[in-house]
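Trainee: no FASTA, just this:
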């Protein structure tokens, strides 16, 4: 999965946010619940304390302090109900204290005895060993601070273990702990589905946009009628493609017009000069001048041809057809046709590597690539040198190397050799002829075929051009694919 | 033989007219499409040389009208565009030949003659130029009775020059006929081959047959001949 994709990032953000909110909410719930439950327990204890005071302490004068313990045991049986009850006289005598409860959750004897003098809290939490106790305290008879008589009255303490509350809280916590991941997972899954649905038009626009090149600029992206941002996006992109199409159309028209405007005068010029040059009465210097002028016309025509060839290649005519052929064979016949050029300079053309390497493309254009590279190699190799042509298979690519042991290309010139009209060294190259467009044409044709061209060179030792052809899918494999499609 | 030229570039039109008249053709010229169509419509020409980009009616339109009237007159198209698809379209529309500017006049004249079936490209089995004999059947070359060994390319070059003795062939023409379009712009290859050919055909003999016309090209024939 692409972790940089918009969908993925959106879902991650939203899942994180959701998790944070859930956790906060859970924490608040637990805090509030604890508070509520404890208040509830204390309230019950307080009521019970009041009951004890109203029923037992009010009658104390009649029944006597000694009977108190039995009455409390009979009425409330604190040990069986896991309660804590203690009644203390104002002078500090403990009149009654409940025993260890049946579940042994706390030890009543460890709860400190209250001194009347100390501030009496109506509610408190006593951290007795084993379990904390929530205790409500009541004074009997109730006294207001001003008339308080320190030596008179009783204190009733009624408490309950927090165990029950804690148990409820832990259950709620467990529920949240299990529920939260489940809820987040469901939300993430839902989010993914939603985002994917929302982004499907983007996928369609992307696929279509990738398929549009300068060959099929008349095509448009699918128009979304969703009324949202995507509709606007697809519409803006389509407007952009229209503008591009117009620009390319007008540049094509320009090339056609320019070619007409340049070629016609060149034809006239050449025709006039040719007519003159063939006049037998001419004096030799005049004939020389005319010849020189004709040569310049030819060079001009060559530049125009080269430029037009390049603009046609730019306009997407780099590959007029797509046929499979044996690259090694094409290289062999082309180098044979050019062998005399090499022989003329005593240059040996060495062919090595494989004999059967199939590539796919426009045979005539690729032949032009070989011609241009070989011509260059021969041109820049001194008399008696060697030009090496190598064909190989390498990691699923067909490789063609044209290497010479000529003058080489200076390091700083290497990145520019494929640029139009670029010359590594003006004075030298011009003498060798050519319009300075040969390698640009090579590059353009190769680009149209998906062929990469690399150049390496050591000045004084030679240059090497390396072409990397994508290998066509074997014929039978392609057939079976087509069958599957049917 | 009467030829119609429809070409809007006045100078080029005049030049072609002059060149054709020098070859003793009767020539009519028009410099716009409408005038061209009127002429083509009114007279029976043996050949029409038609530029494609014309003011008024376009060359393609004229060609269509000529063919709609089912005239069998050969039409040679001149154009500044050499995109292959355009070529194919015009051949389909009924053009007989196609010449891209800038062209050599020698080539124009050869194509004109070929279209008029005055057959400069004679299919004779043996071509003879002075004491040079080219046997096309066996691809053998003899000069003054002595057999000369040539490579296939040298032979093709010599045979091409010999199809029209005395006529100057431009390097571009030679490349197109003897090699193929991939070699376009590689004119030095022609010079090298001509040099080799000379070494075999001319050097051993007192009379030189291969002539260089600087800036134009090469021709084959006794040098006295224009």
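Mentor: Okay, I see it. All of these numbers come straight from a predicted model, not from anything done at the bench.

Trainee: Need the nearest residue in space to residue B:153, chain neighbours excluded.
Mentor: Setting aside the residues directly before and after it, residue B:153 is nearest to residue B:193 in space (CB to CB, 6 or more residues apart in numbering or on different chains), at 6.3 Å. (C-beta placed from N, C-alpha, C; glycine too.)

Trainee: Quick check: next helix or strand after the helix or strand of chain B with the lowest mean pLDDT?
Mentor: Least confident helix or strand, chain B: helix B:84-92 with a mean of 71, by mean pLDDT, DSSP states H and E. Read in the C-terminal direction, the helix or strand following helix B:84-92 is strand B:97-100, with elements assigned using DSSP states H and E.

Trainee: sorry, back to before: show me what the least confident helix or strand of chain B is packed against.
Mentor: Where contact means 3 or more CB pairs under 8 Å, 6 or more residues apart in numbering or on different chains; DSSP states H and E, helix B:84-92 is packed against strand B:75-79, strand B:97-100.

Trainee: What is the distance between the first one and the centre of its chain?
Mentor: Average the C-alpha atoms of strand B:75-79, do the same for its chain, and the two points are 13 Å apart (CA atoms, centre = their mean, to the nearest Å).

Trainee: and that strand with helix B:84-92, angle?
Mentor: When axes from the mean of the first three to the mean of the last three CA atoms, to 10 degrees is applied, the directions of strand B:75-79 and helix B:84-92 differ by 160 degrees.

Trainee: and strand B:75-79, average pLDDT?
Mentor: This predicted structure assigns strand B:75-79 an average pLDDT of 88.

Trainee: What are the contacting residues of it?
Mentor: The contact list for strand B:75-79, computed with CB atoms under 8 Å, 6 or more residues apart in numbering or on different chains, reads B:7, B:47-53, B:59, B:63, B:66, B:86, B:90, B:94-101, B:103, B:111-112, B:115.

Trainee: make it 7 Å
Mentor: Outside strand B:75-79, the residues that touch it by CB atoms under 7 Å, 6 or more residues apart in numbering or on different chains are B:7, B:47-52, B:59, B:63, B:66, B:90, B:94-101, B:111-112, B:115.

Trainee: Please apply the same query to stretch B:48-66.
Mentor: Judged by CB under 7 Å, 6+ apart, the contacts made with stretch B:48-66 from elsewhere in the structure are A:260, B:3-8, B:16, B:32-34, B:36-37, B:40, B:73, B:75-80, B:90, B:93-95.

Trainee: Show me which residues of chain B sit near chain A.
Mentor: By CB under 7 Å from any CB of the partner chain, the part of chain B that sits against chain A consists of B:9, B:11-12, B:15, B:53, B:80-81, B:83-84, B:101-105, B:153, B:168, B:179, B:181-183, B:185-186, B:188-189, B:192-193, B:196, B:213-216, B:226.

Trainee: Make a PyMOL selection of whichever of the contacts of stretch B:48-66 turn out to be buried.
Mentor: To isolate the buried ones among the contacts of stretch B:48-66 in PyMOL, judged by 16 or more other CB atoms under 10 Å in any protein chain shown, type:
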select buried, (chain A and resi 260) or (chain B and resi 3+4+5+6+7+8+16+33+36+37+40+73+75+76+77+78+79+80+90+93+94+95)
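
Trainee: Which strand or helix spans the residue lying closest to residue B:186 once chain neighbours are set aside?
Mentor: On the basis of CB to CB, 6+ apart, the spatially nearest residue to residue B:186 that is not a chain neighbour turns out to be residue A:375, at 5.8 Å. With secondary structure defined by DSSP H and E, residue A:375 is part of helix A:363-379.

Trainee: downstream neighbour of that helix in the secondary structure list?
Mentor: Read in the C-terminal direction, the helix or strand following helix A:363-379 is strand A:386-394, with elements assigned using DSSP H and E.

Trainee: Parallel or antiparallel, which strands does that following strand pair with?
Mentor: Based on DSSP bridges, the pairing partners of strand A:386-394 within the sheet are strand A:348-353 (parallel), strand A:397-404 (antiparallel).

Trainee: Show me what the shortest one is in contact with.
Mentor: What that stands for is strand A:348-353. Counting contacts by CB under 7 Å, 6+ apart, the residues outside strand A:348-353 that touch it are A:332, A:335, A:339, A:342, A:386, A:387, A:388, A:389, A:390, A:391, A:392.

Trainee: In contact with the last one, which residues?
Mentor: Which is residue A:392. So residue A:392 contacts A:353, A:354, A:399 (CB under 7 Å, 6+ apart).
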